[in-house]
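Student: what shape does this take:
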Amino acid sequence: MPSIEIKELTKRFEDFTAVDKISISIAEGEIFGLLGPNGAGKTTTISMLSTLIIPSSGKAFVAGHDVIKEPLKVRENIGIVFQEPSVDDLLTGRENLELHALLYGMDSKVAKERIDEMLELVELTDRADDLVRAYSGGMRRRLEIARGLLHMPKILFLDEPTLGLDPASRRNIWKYIEKVTKEKNITTILTTHYLEEADALCDQIAIIDKGKIVIQGTSDQLKGTIGEDVVRIKGKVDKSKFEKMKCVKKVTFEKEGKHVDLVVENAAKNLQKILSYVGEIDSVEVRRVSLDDVFLHYTGHSINEENGKDSFFNRIATYKTTR
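Tutor: Numbers count the residues shown, from 1 in each chain. This next block holds a predicted model:
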């Protein structure tokens, strides 16, 4: 049985659809990534799966329990690291974990052992008795991960766990996420809009945009659906000459016409033939297909393009002004 099973899960706010009939199956012990821009429906999905909001339609089973009919059973089996910081900075790190253990009704002896174990796991033992207000952003995130795992959940939800952190702290958090989930065989759903985060951590990735799952698979599978390499050419290029080349999967012209990007099968083998169709070459760059290329291919926009006419924020603004 899958650890999480989602069938046409939908959430509507009056006539605005935030999550639109998504279906996902997640295996035990898997790190599953929901990759999409801000406002794509990632947090709404997490909120439904963790019983914080009720779905409008569809079904979801978490650790074998129906999120609508058995919310308490679901909550017993999950841990959550919220997008917004949620630890109490007037308490010490240890006191935050003790409070969490109390709320979950953990046996005091078991709780003490687990607190020590979790603090060691996220390398906060030396700072356990310091007030959280003295912690860095990365330390707070590590404490929140420790708290989410304290009551030994089967499933961990991580909602944008590295949001606002500097690149070095972000990579440290990746290390802890990978370590704790693999060592404890915990199924993890990670929401993120950081492409490199999904690439580094996730066994499976679902790209979500405007509330819909547009494609799902491993990172390599997703990249393989659009080609192997990207060739960027600056110079005099005639787009029509590439349209009949079997090795060229997609041709994209930069908006101001400064370069053209070709998604190509085996650039090393086909590069010479491709360049023979270019009149005057200023420069050539070859790189592997990235998740950014995949996202652009299937959604028609970059993951960081949030201010266009079809962006989430503009759709919300349109929705509000028409009420």
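Student: every contact and neighbour count from this point should use C-alpha atoms.
Tutor: Fine.
Student: all helices for the protein, in order.
Tutor: Along the chain, counting by DSSP state H, helices occupy 42-49, 71-76, 93-103, 108-121, 137-149, 167-184, 195-201, 219-224, 267-275, 291-299, 312-321.
Student: so which elements touch the second one?
Tutor: So the one you mean is helix 71-76. Packing contacts for helix 71-76, counted by 3 or more Cα pairs under 8 Å, 6 or more residues apart in numbering; DSSP states H and E, involve strand 65-66.
Student: hey, what's the residue nearest to residue 218 when sequence neighbours are not counted bridged with?
Tutor: If the residues on either side of it in the chain are set aside, residue 218 comes closest to residue 204, at 4.5 Å by Cα to Cα, 6 or more residues apart in numbering. In this entry, residue 204 is beta-bridged to residue 32, by DSSP bridges.
Student: check contacts around residue 204.
Tutor: Neighbouring residues of residue 204 by Cα atoms under 8 Å, 6 or more residues apart in numbering: 30, 31, 32, 33, 216, 217, 218, 219.
Student: kindly recompute the last result at 6 Å.
Tutor: Residues counted as contacts of residue 204 (Cα atoms under 6 Å, 6 or more residues apart in numbering) are 32, 217, 218.
Student: other residues contacting stretch 49-66?
Tutor: 3-11, 47-48, 67, 71, 74.
Student: farthest-separated two in those?
Tutor: Pairwise distances across the contacts of stretch 49-66 (Cα to Cα) peak at 21.4 Å, for the pair 3 and 11.
Student: so for those two, which sits in the more crowded spot?
Tutor: Just comparing residue 3 and residue 11: by other Cα atoms under 10 Å the higher neighbour count belongs to residue 11, 23 against 20.
Student: who's in contact with that one?
Tutor: 18, 19, 55, 56.
Student: then residue 149?
Tutor: Contact partners of residue 149, counting by Cα under 6 Å, 6+ apart, are residue 79.
Student: quick check: it vs residue 188, distance?
Tutor: Using Cα to Cα, to the nearest Å, one gets 11 Å for the distance from residue 149 to residue 188.
Student: kindly report the same for residue 194.
Tutor: In terms of Cα to Cα, residue 194 sits 17 Å off from residue 188.
Student: who has more neighbours out of the two?
Tutor: Using other Cα under 10 Å as the criterion, residue 194 and residue 188 rank with residue 188 on top: 30 against 18.
Student: understood, closing this out.
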